[in-house]
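Participant: one predicted model, sequence on top.
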Amino acid sequence: MKKEIILLMSIQFLVYLGFGIIIPVLPEVIVWQDWNEIHVGGLLTVYAVASFFTAPIWGYLSDKFGRKQLILIGLVGFSLSFVLFSIFIESLPLLYVSRLVGGLFSGALYTAVTGYISDISTNDNRNMYMGFMGMSIGLGFIFGPAIGGVLGHNNLQLPFIVSAILIAIIFIYALLFLKEPSQRGEGNKRAIVPVGAKELFYYRIRYLFLFSFIVTFILAGVEATFQLFQIERIEITPLQLGFLFMFSGFVDAAIQGGVVRRIKDGTETKWLIGSQIITALGLLLIILTSNIIFAGLALCVFTAGNALARTCVVSLTTKESGGKYGTAAGLSYSMDSLGRIIGPLLFTSFFQIHPNFGYIVSTIIAILSILLILLFKLSKKTLRVEHEQG
């Protein structure tokens, strides 16, 4: 494997480790400071907003000034965001600034890294390299909450200090050993609304985009409120939550690596319907939590359903895109990002009404989303058939 790929995998791993590391710590900080719980959603949302809306700008800059320069700038800014969070952990306005900075520069890293991979890969190995990036992102999500919980058990600032140091080390390594690609194509500008998106919405693939939004919306909402809910229900600690998220992360990996690849072509809709039933069951089990073991079981059931839905809908969307893979991928990313922007704010608002309310609403939404899959099956307006016939 090229050393550049290993370095880029390390960068992606640390970016998503940084995203995950805050999950068991942020709610604890909010409760510790006696701030309104809505700020858990707000601090998660501002990160997603900054990353999403600045991606097209970073793509342009990456093309103009080079991948390496953008990666180095992104690493500096991302490390700075953790330093700001650790220093100003008692100042709510500055926590928002730190999350804004983190989202801003994580967008630069994602865009520059994706563009770099496109530059150094060929059609034969590009999917493999992108798969490595996906694996790095998945590992970051698995270990981020666990590390955040362990390091934040006695000191809530420590996870962010350690993250800043690790990213600074990667910066030095990238500065010394990462070379600018000899040929540079167009970077991943990832438009907010991809060109050609309107055309896709004339076909039944639109139901899959809406389904993708719902799946991510529920996931982001659970990530934002699960700890707040469990603090109230069983007085869960960041350490305990970190381990629960780590176990659920392994469930996620097992579903994607073991179950999804065995799904036969043409059976995806059955699996998607089943995934939402499992998701709804997990959400109901969360409401019934009475101890740490039950909380872990509930989270793992929810994660199994959500992971199955996320992976399966991506596969089916690709098949339904009629060869418009880039447009479909961009629109799927936009739907996912929208879910990550809206989910945390809405769920924390629901939590203030009643701790159970968000989970009851999301259970109903999960079941109702099955209608989207049924509408998809009933519709004959498929790009796949037209593409194959053409």
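Facilitator: Cool, got the structure.
Participant: please make it C-alpha for all contacts and neighbour counts, starting now.
Facilitator: Noted.
Participant: show me what contacts Met246?
Facilitator: Ile142, Phe143, Pro145, Ala146 (C-alpha atoms under 8 Å, 6 or more residues apart in numbering).
Participant: just put those in CSV and tack on secondary structure.
Facilitator: Formatted as CSV, the contacts of Met246 follow (DSSP: H, G, I helix; E, B strand; the rest coil):
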residue, secondary structure
Ile142, helix
Phe143, helix
Pro145, helix
Ala146, helix
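Participant: which of the residues you listed has the most neighbours?
Facilitator: Pro145 (30 neighbours; other C-alpha atoms under 10 Å).
Participant: need the pLDDT of that residue.
Facilitator: With respect to pLDDT, Pro145 has a value of 84.
Participant: how near is it to Leu281?
Facilitator: For Pro145, the distance to Leu281 equals 23 Å [C-alpha to C-alpha, to the nearest Å].
Participant: closest one to Ser332 out of the contacts of Met246, please.
Facilitator: For these, the minimum distance to Ser332 (C-alpha to C-alpha) is 22.2 Å, reached by Ile142.
Participant: spatially nearest residue to that closest one (excluding sequence neighbours)?
Facilitator: Setting aside the residues directly before and after it, Ile142 is nearest to Gly249 in space (C-alpha to C-alpha, 6 or more residues apart in numbering), at 4.5 Å.
Participant: and if you look at Leu156?
Facilitator: That would be Val25: by C-alpha to C-alpha, 6+ apart, it lies 6.5 Å from Leu156.
Participant: so that neighbour touches Gly152, yeah?
Facilitator: Yes - proximity of Val25 to Gly152 meets the contact threshold set by C-alpha atoms under 8 Å, at 6.5 Å.
Participant: and for the two, which residues touch both?
Facilitator: In contact with both Val25 and Gly152: Pro238, using C-alpha under 8 Å, 6+ apart.
Participant: neighbour count: those two, which is higher?
Facilitator: Of the pair Val25 and Gly152, Val25 is the one with more neighbours under other C-alpha under 10 Å, namely 28 against 24.
Participant: so for Glu386, what's the pLDDT?
Facilitator: We have a pLDDT of 47 for Glu386.
Participant: what's the answer for Gly18, then?
Facilitator: 79.
Participant: so how far is the helix or strand harbouring Gly103 off the chain centroid?
Facilitator: Using DSSP states H and E, Gly103 sits within helix 92-120. A distance of 13 Å separates the centroid of the chain from that of helix 92-120, by C-alpha atoms, centre = their mean, to the nearest Å.
Participant: buried stuff in it?
Facilitator: 92, 95-120 (16 or more other C-alpha atoms under 10 Å).
Participant: contacts only, for Leu272.
Facilitator: Leu308, Ala309, Cys312, Val313, Ile370, Ile373.
Participant: just the CA trace of stretch 368-388, in CSV.
Facilitator: Extracted in CSV, the C-alpha atoms of stretch 368-388 (Å, rounded to 0.1, in the frame of the first residue of the first chain):
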residue,chain,number,x,y,z
LEU,A,368,-43.5,5.4,8.8
SER,A,369,-40.3,5.5,6.7
ILE,A,370,-41.2,2.0,5.6
LEU,A,371,-43.9,3.7,3.5
LEU,A,372,-41.1,5.3,1.5
ILE,A,373,-39.7,1.8,0.7
LEU,A,374,-43.2,0.6,-0.3
LEU,A,375,-43.7,3.6,-2.6
PHE,A,376,-40.3,2.9,-4.1
LYS,A,377,-41.3,-0.7,-4.8
LEU,A,378,-44.6,0.3,-6.3
SER,A,379,-43.1,3.0,-8.6
LYS,A,380,-42.1,2.0,-12.1
LYS,A,381,-40.1,5.2,-12.8
THR,A,382,-36.7,3.6,-12.4
LEU,A,383,-33.5,4.9,-13.9
ARG,A,384,-32.0,1.5,-13.6
VAL,A,385,-34.3,-0.1,-16.2
GLU,A,386,-33.9,2.9,-18.6
HIS,A,387,-30.1,2.8,-18.2
GLU,A,388,-29.9,-0.9,-18.8
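Participant: give me the contact list for it.
Facilitator: Contacts with stretch 368-388, where a contact means C-alpha under 8 Å, 6+ apart, come from 202-205, 207-208, 210-211, 214, 269, 272-273, 276, 319-323.
Participant: among the residues you listed, which are in helices?
Facilitator: The helices, defined by DSSP state H, take in Ile205, Tyr207, Leu208, Leu210, Phe211, Ile214, Thr269, Leu272, Ile273, Gln276, Lys319, Glu320 from those.
Participant: just so I have it, where are all the helices in the stretch 101-250 of the chain?
Facilitator: 126-151, 158-177, 197-200, 205-234, 238-254 (DSSP state H, counting those that start in this stretch).
Participant: how far out from the middle of the chain is the shortest one?
Facilitator: Averaging C-alpha positions (C-alpha atoms, centre = their mean) puts helix 197-200 24 Å from its chain's average.
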